[in-house]
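whatever this is, show me its structure:
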Amino acid sequence: MAEVYMYTDGAARGNPGRGGYGVVLMSGTARMELSAGYQYTTNNRMELMAVLAGLKSLKGNGHEIRVYSDSRYVVDAINKNWLKGWEKKGFVKVKNPDLWKELVPLLRLWSPQFIWVKGHSDNPYNNRCDQLATQAADNAATLVDYGYINHSSKD
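Numbering: from 1, shown residues only. Here you go, the predicted model:
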């Protein structure tokens, strides 16, 4: 069974504003980094998109996956079973329902363990994710977060 360590982070310049996410994936000696920047989004959406991007990039099966995030929003939603309750209620009155709905089947497929890490601290992988996320927000914020635009226009 392969062990996969996934570090994720999201960033927004303004909230909402330009945003980006960063992911560092490691397994054995292999390492991969992912990032993307968005024109207009929120920090919480970028935190979720980082996890989605990391899980979507995985291949094969039988991995033991540990997701490290400095987002209490993401980690607590999963570890404290808020997500299960939201799903049972059809994601009514939940922020970012499109991303949570997209995450649910990936969580069922991979069964990752979520671990909270202190952000902007001494964890080099979390710090690298922060660099990737902020660089994407600052330099590559060209993608459109249609989920945010479509949802926020209904508020």
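
tell me which residues in the lengthiest helix in the chain are buried?
Secondary structure assigned by DSSP state H gives helix 124-139 as the longest helix of the chain. Buried residues in helix 124-139, counted by 16 or more other Cβ atoms under 10 Å: 125-137. For the C-beta atoms, the positions are set from N, CA and C on the backbone; glycine is no exception.

residues in contact with it?
With contact meaning Cβ atoms under 8 Å, 6 or more residues apart in numbering, helix 124-139 is reached by 5, 7-13, 18-24, 26, 33-38, 46, 50, 68, 70, 117-121.

restricted to helices, list those residues.
Reading helices off the contacts of helix 124-139 with DSSP H, I get 46, 50.

picking that back up, the longest helix of the chain: how far from the chain's middle?
Offset of helix 124-139 from its chain centre (Cα atoms, centre = their mean, to the nearest Å): 13 Å.

going forward, count from 56.
Yes, from this point I'll number from 56; that puts the last item at helix 179-194.

okay, now the sheet partners of the next helix or strand after that helix, with direction.
Downstream of helix 179-194, the first helix or strand assigned by DSSP states H and E is strand 196-198. Counting by DSSP bridges, the strands paired with strand 196-198 are strand 85-96 (parallel).

and the strand it pairs with, which residues are buried?
For strand 85-96, by 16+ other Cβ under 10 Å, it's 89-93, 95-96.

just for the chain, where's the confidence low?
Within the chain, the stretches with pLDDT under 70 are 207-210.

which parts of it are strands?
Using DSSP state E, the strands of the chain run over residues 58-69, 72-82, 85-96, 119-124, 168-171, 196-198.

fine, thanks again, bye for now.
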